[in-house]
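A.B. asks: build me a structure from this.
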Amino acid sequence: MNRYGPRSFFQFFARPAALLIVASLVVPGTGQATETEEAQELSPPQIQLPIGLPQMPGALTPPPPLSPALDALQEMTNNKYLKNGTSSIRAEGRSSLRLSAATVCSSAASRSGVALSLQRWDGSAWVLENTATAISESSGSSMLNFSKQVQKGYYYRVRSDHWASGGGLRETSTLFSNTLLFAN
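C.D. replies: Reported below is the predicted structural model:
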């Protein structure tokens with residue numbers, strides 16, 4: 001019999017360790033717990049700004065929340081008539097924004113259109129500033145592109161409603177541009 005094999009290790013260390021653990025559980029009054037004051041309930045965290053864009057210098061309002069993640073382009077891949085839509089906004093000069101929107105449809109579409117709305121963030125909601133519509137009577141695309149004078153210090157975005165129709169079916173999609181702070 002090997003005195004130094006695995007059995008002797010178990011007998012030498014494991015049994016005494018197991019007995020020590022059992023004894024510490026069985027013997028009453030040997031715990032280390034002490035009484036403490038009642039726990040105070042923490043109040044929920046207060047968020048002052050909407051989660052989204054950081055506060056920017058020159059802004060008259062807190063930033064808007066991030067636009068909802070709409071997968072409109074993915075939805076359009078299965079369409080028969082409405083194939084693509086875009087909208088954009090950019091600063092143009094010292095007091096104007098350049099607004100653009102376009103609808104692309106298939107050659108099978110008989111009509112297409114796009115309605116563009118300029119929206120301004122007032123600190124708590126998006127407010128309608130301006131609306132324009134372009135309608136194309138043939139297949140291809142419908143486009144809008146114009147400038148609009150606006151107030152500085154506000155966040156702006158473009159909402160574009162795109163549609164194409166043919167064969168008694170009308171396909172639609174709504175997109176939002178990036179958000180732009182028009183500041184000094």
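
A.B. asks: quick check: end-to-end length of stretch 91-99?
C.D. replies: End-to-end distance for stretch 91-99: 9 Å, by Cα to Cα, to the nearest Å.

A.B. asks: residues in contact with that stretch: which ones?
C.D. replies: 88-90, 116, 118, 132, 144-150, 152, 156, 158, 180, 182 (Cβ atoms under 8 Å, 6 or more residues apart in numbering). (C-beta placed from N, C-alpha, C; glycine too.)

A.B. asks: buried sites along it?
C.D. replies: Of the residues in stretch 91-99, 97, 99 count as buried by neighbour count, 16 or more other Cβ atoms under 10 Å.

A.B. asks: what of stretch 156-171?
C.D. replies: Going by neighbour count (16+ other Cβ under 10 Å), the buried part of stretch 156-171 is 156-166, 171.

A.B. asks: what's the answer for stretch 140-150, then?
C.D. replies: 141-144, 148, 150.

A.B. asks: how about stretch 110-121?
C.D. replies: Those would be 111-121, for stretch 110-121 by 16+ other Cβ under 10 Å.

A.B. asks: specify which member of these is nearest to M76.
C.D. replies: Among the buried residues of stretch 110-121, S112 lies closest to M76 (Cβ to Cβ), at 12.3 Å.

A.B. asks: and that closest one, how far is that from L180?
C.D. replies: Computed with Cβ to Cβ, to the nearest Å, the distance linking S112 and L180 is 26 Å.

A.B. asks: cool, A108 as well?
C.D. replies: Distance, A108 to L180, using Cβ to Cβ: 36 Å.

A.B. asks: do the same with A115
C.D. replies: With the distance defined as Cβ to Cβ, A115 ends up 20 Å from L180.

A.B. asks: any chance of the buried residues of stretch 140-150 in JSON lines, plus secondary structure, pLDDT and distance to L97?
C.D. replies: As requested, the buried residues of stretch 140-150 are exported to JSON lines (DSSP: H, G, I helix; E, B strand; the rest coil; pLDDT from 0 to 100; distance: Cβ to Cβ, whole Å):
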{"residue": "S141", "secondary structure": "strand", "pLDDT": "84", "distance to L97": "22"}
{"residue": "S142", "secondary structure": "strand", "pLDDT": "87", "distance to L97": "20"}
{"residue": "M143", "secondary structure": "strand", "pLDDT": "89", "distance to L97": "17"}
{"residue": "L144", "secondary structure": "strand", "pLDDT": "88", "distance to L97": "13"}
{"residue": "K148", "secondary structure": "strand", "pLDDT": "91", "distance to L97": "5"}
{"residue": "V150", "secondary structure": "coil", "pLDDT": "93", "distance to L97": "5"}
